[in-house]
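Novice: how would this look folded up:
(one chain, ligands or ions: 1)
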Amino acid sequence: MDTEKNIILVVDDDKANLTLAQNILAPRYRIAASNSGRAALKYLESHRPDLILLDINMPEMDGFEVMAQIRQREETKAIPVIFLTADSLAETEIKCFQMGAMDYVTKPFVPDILLSRVDKTIELDQYRHNLEKMVRQQAEKITEDARRISAIQDSVISGMANLIESRDGSTGRHVKNTQNYVQLIAGELRARGLFADVLTDDYIENLCKAAPLHDVGKIKVSDAILQKPGRLTPEEYDTMKLHTTYSGKIIQTILGDLEDRHYVKMAEDIAMYHHERWDGSGYPTGLAGEDIPLSARIMAVADVFDALYEERVYKPPVRPIERIMQIMSEGRGTQFDPTIIDVFVEMLPKLKAHLGIA
Ligand SMILES: [Fe+2]
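Specialist: Sure thing, here's the model as predicted:
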């Protein structure tokens with residue numbers, strides 16, 4: 001505790017008491033003295049002492065009246081006050097604390113008691129100050145961090161997702177659609193108790209937030225390939241495949257600094273591995289089975305379903321929806337995780353309801 005810098009205002013109409021208090025406290029504190037309540041309030045208009053020692057019995061304005069005014073003023077209401085009292089009646093003591101005093105000291109002063117009470121009060125007030133400051137700073141930091149991260153995520157995600165949609169020849173709903181499907185699928189898997197150790201609330205929330213970025217790497221694939229009406233040549237297809245690794249790198253570059261590591265990892269996994277196949281014949285890495293992150297296995301189902309259901313510049317939509325389920329079922333255990341595709345096929349009534357199909 002740096003007592004050197006602490007200033008104590010002593011308010012007492014009795015000169016002898018003022019001098020005594022001054023002598024006791026002066027070795028450790030800087031003392032300002034007022035011989036009336038009015039003088040003290042005047043002093044407080046332009047000074048902020050760290051503690052006020054306030055005599056109760058004074059002519060004109062007593063200590064309680066001065067205290068009431070100190071507590072009313074915004075600038076002074078937090079300054080700790082110790083009352084000085086000549087009596088030791090219980091009701092005086094009660095009133096002191098009711099008025100908001102930190103402590104009270106009876107006169108005549110016992111030097112060690114006065115000093116000890118003053119030290120403790122100053123120390124306590126400093127702890128309170130530091131604690132309040134810390135809480136305020138932490139709260140501000142948390143709010144600011146959350147706001148910043150959320151704003152970055154939102155703007156990056158929507159900006160990039162919109163950019164992709166404007167270029168890849170989809171109907172402009174792919175990003176939103178696939179986000180909805182991964183949410184429906186993950187929710188259904190969890191409701192059935194599947195992948196229970198992975199599919200937590202946080203996981204599903206991150207999955208939905210990260211899903212829109214799955215094709216962000218298409219930014220680096222040319223319009224000629226993205227919007228080609230016919231079949232891609234093997235070379236063009238190889239270029240198209242690169243969108244997965246591009247996606248992973250872009251997410252790492254743009255979101256890599258975010259503190260939310262689970263979210264960034266999720267976005268990378270989905271982007272990198274959503275074209276992997278259960279039998280290991282997918283791209284870009286040829287991961288197989290459960291080595292493919294669950295998030296990407298869910299995304300693969302959502303992605304293919306939407307690609308078949310919606311119209312693209314190079315193909316009409318597949319109808320009826322039962323035909324899509326049949327096509328996707330044929331990929332059970334080869335293209336898709338058998339557990340996920342089984343559940344997905346059983347979700348047909350829910351999908352129909354979601355899509356507004358009778
Ligand atoms: Fe993709």
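Novice: Could you use CA atoms for every contact and neighbour count after this?
Specialist: OK.
Novice: got any ranges where the stretch 151-300 of the chain has weak pLDDT?
Specialist: Counting by pLDDT under 70, the ranges of the stretch 151-300 of the chain that qualify are 168-172.
Novice: can you give me the helices in it?
Specialist: 174-191, 201-210, 223-226, 234-241, 243-255, 261-273, 294-309 (DSSP state H, counting those that start in this stretch).
Novice: Is it possible to get TSV of those that adds mean neighbour count?
Specialist: Shown next, in TSV, are the helices of the stretch 151-300 of the chain (neighbours: other C-alpha atoms under 10 Å):
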stretch	mean neighbour count
helix 174-191	20
helix 201-210	18
helix 223-226	16
helix 234-241	14
helix 243-255	20
helix 261-273	23
helix 294-309	23
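Novice: and of those helices, who's closest to Arg167?
Specialist: helix 223-226 (6.6 Å; C-alpha to C-alpha).
Novice: Alpha carbons of that closest one, in CSV - could you do that?
Specialist: Extracted C-alpha coordinates of helix 223-226, given in CSV (Å, rounded to 0.1, in the frame of the first residue of the first chain):
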residue,chain,number,x,y,z
ASP,A,223,-15.8,-18.6,-63.9
ALA,A,224,-15.2,-20.7,-67.0
ILE,A,225,-15.1,-23.8,-64.9
LEU,A,226,-17.6,-22.9,-62.2
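Novice: ok and whichever strand or helix holds Ser150 relative to helix 174-191, angle-wise?
Specialist: Per DSSP states H and E, Ser150 falls inside helix 111-165. Interaxial angle of helix 111-165 relative to helix 174-191 (axes from the mean of the first three to the mean of the last three C-alpha atoms, to 10 degrees): 120 degrees.
Novice: other SSEs contacting helix 111-165?
Specialist: Other elements packing on helix 111-165 under the criterion 3 or more C-alpha pairs under 8 Å, 6 or more residues apart in numbering; DSSP states H and E are helix 15-25, strand 103-106, helix 174-191.
Novice: what's the angle between that helix and helix 243-255?
Specialist: Going by the same axes, to 10 degrees, helix 111-165 makes 150 degrees with helix 243-255.
Novice: Distance from helix 111-165 to the middle of the chain?
Specialist: 12 Å (C-alpha atoms, centre = their mean, to the nearest Å).
Novice: orientation of that helix relative to helix 201-210 in degrees?
Specialist: 50 degrees.
Novice: sorry, back to before: out of the helices and strands packed on helix 111-165, the one nearest Tyr309 is which?
Specialist: From those, taking C-alpha to C-alpha, the stretch that ends up closest is helix 174-191, at 10.2 Å.
Novice: Can you list the helices and strands that that closest one packs against?
Specialist: helix 111-165, helix 201-210, helix 294-309, helix 338-346.
Novice: again, 6 Å this time
Specialist: helix 294-309 (3 or more C-alpha pairs under 6 Å, 6 or more residues apart in numbering; DSSP states H and E).
Novice: ok, residues contacting the helix it packs on?
Specialist: Contacts to helix 294-309, defined as C-alpha atoms under 6 Å, 6 or more residues apart in numbering, come from residues Thr178, Tyr181, Val182, Ile270, Tyr273, His274, Pro317, Val318.
Novice: cool, and stretch 79-87?
Specialist: Stretch 79-87 is contacted by residues 51-56, 101-107 when judged by C-alpha under 6 Å, 6+ apart.
Novice: try stretch 167-183
Specialist: Glu165, Cys208, Ala211, Pro212, Leu226, Gln227, Ala302, Asp303, Arg312, Val313.
Novice: start to end distance for it?
Specialist: Chord length of stretch 167-183, first to last residue, is 25 Å (C-alpha to C-alpha, to the nearest Å).
Novice: and Val221, how many neighbours?
Specialist: Applying other C-alpha atoms under 10 Å, we find 18 residues neighbouring Val221.
Novice: Rebuild the contacts of helix 294-309 as CSV, extending it with distance to Thr85.
Specialist: Formatted as CSV, these follow (distance: C-alpha to C-alpha, whole Å):
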residue, distance to Thr85
Thr178, 75
Tyr181, 75
Val182, 73
Ile270, 73
Tyr273, 78
His274, 79
Pro317, 90
Val318, 91
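Novice: Looking at the residues you listed, which one is closest to Phe97?
Specialist: Closest approach to Phe97 among the contacts of helix 294-309 (C-alpha to C-alpha): Val182, at 61.0 Å.
Novice: Just send the helices and strands packed on helix 111-165 back as JSON lines, with distance to Ile251 too.
Specialist: Compiled in JSON lines, these are given as follows (distance: least, C-alpha to C-alpha, whole Å):
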{"stretch": "helix 15-25", "distance to Ile251": "63"}
{"stretch": "strand 103-106", "distance to Ile251": "59"}
{"stretch": "helix 174-191", "distance to Ile251": "16"}
